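>>> sequence plus the predicted model coming up.
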Amino acid sequence: MKTLKKEYQPGGSKRQFILDKAVEYLASPKYGTQNYKHDYLVNVIGLSETEYLECLNNASMGAVVESAWN
């Protein structure tokens, strides 16, 4: 199994790059279902659930948090 370089792992200097790419990935409809995207980002890329939810919220332009409050 491949692993991310140290600078892309949590706390690394380029972690924000991975998070920005995750937002683009989640916003794109061409990569499959939301379930598949969640599995890939959490289990393969290594995002924490909190990072995943933040990226999902950014990809939906804040709609996830907005819907939680209403």
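Sure, I can see it. Numbering: from 1, shown residues only.
>>> could you pull out the helices in this structure for me?
If DSSP state H is used as the criterion, the helices of the chain fall at 15-27, 34-39, 49-59, 63-69.
>>> mean confidence for the longest one?
Per-residue pLDDT over helix 15-27 has a mean of 93.
>>> neighbouring contacts of that helix?
Defining contact as C-beta atoms under 8 Å, 6 or more residues apart in numbering, one finds that helix 15-27 is touched by 4, 7-9, 31, 34, 37, 41, 45, 47, 51-52, 54-56, 58-60. For glycine as for every other residue, the C-beta is placed from the backbone atoms N, C-alpha and C.
>>> mind checking which of those residues are buried?
8, 37, 41, 45, 47, 51-52, 54-56, 58-59 (16 or more other C-beta atoms under 10 Å).
>>> which ones are touching residue 38?
With contacts taken as C-beta under 8 Å, 6+ apart, residue 38 has the following neighbours: residue 52.
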